[in-house]
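Visitor: how does the following fold in three dimensions:
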Amino acid sequence: MLLKSLSNRLQNPLESLVTQVTPKQRVNMFCDTKLSEIIASEEFLMEGLEKNFWRLIKLYQPEIWENIDESGDEYLWVIAIFGEYCIFKTATGIGFKLARYDNFGEVDAETDKPKPLGDIVSHIVNSRFKI
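Guide: Now for the predicted structure:
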């Protein structure tokens, strides 16, 4: 029974939960424990230089940032910061994205289509850290 439950959780890690972000508005977002599970499963697949770089840029706890680019969700889970870029997961989307930010806590324009976390980190490392 326990193995079946764990198996189902690993097969469907992207199911979202509803949490209240502000008193005025309810937003569909992953809860932080669910997001941590998704990140841990992605991190498990990384190796070598990518994993070492990931350990340097990841945040200890994901943070909710405001999306000032009005084309997407109002709030985002930021999971890593390096230079003037951040890696985040949208509230309802699948995969992770890379974006630039000017002010801490506010994501500007999104630069990528959703991708697995390992692919984003690998792209950064292979580009010699130039985005």
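Visitor: ok, and what's touching stretch 48-60?
Guide: 39, 43, 46, 78-82, 87, 117-118, 121-122, 124-125 (Cβ atoms under 8 Å, 6 or more residues apart in numbering). C-beta coordinates here come from the backbone N, C-alpha and C atoms, glycine included.
Visitor: out of the residues you listed, which comes closest to Pro62?
Guide: Ile79 (4.8 Å; Cβ to Cβ).
Visitor: so where does that closest one fall, helix or strand?
Guide: strand 75-82 (DSSP states H and E).
Visitor: which secondary structure elements does that strand contact?
Guide: strand 26-29, helix 32-44, helix 48-57, strand 58-67, strand 85-90 (3 or more Cβ pairs under 8 Å, 6 or more residues apart in numbering; DSSP states H and E).
Visitor: flag every buried residue along the longest one.
Guide: Neighbour-count burial for helix 32-44 flags Lys34, Leu35, Ile38, Ile39, Glu42, Glu43 (criterion: 16 or more other Cβ atoms under 10 Å).
Visitor: average pLDDT across that helix?
Guide: Taken as a whole, helix 32-44 has an average pLDDT of 86.
Visitor: got the angle for it vs strand 75-82?
Guide: Here helix 32-44 runs at an angle of 40 degrees relative to strand 75-82 (axes from the mean of the first three to the mean of the last three Cα atoms, to 10 degrees).
Visitor: who's in contact with stretch 120-131?
Guide: 46, 49-50, 53-54, 82, 85, 87, 96-98, 111-112.
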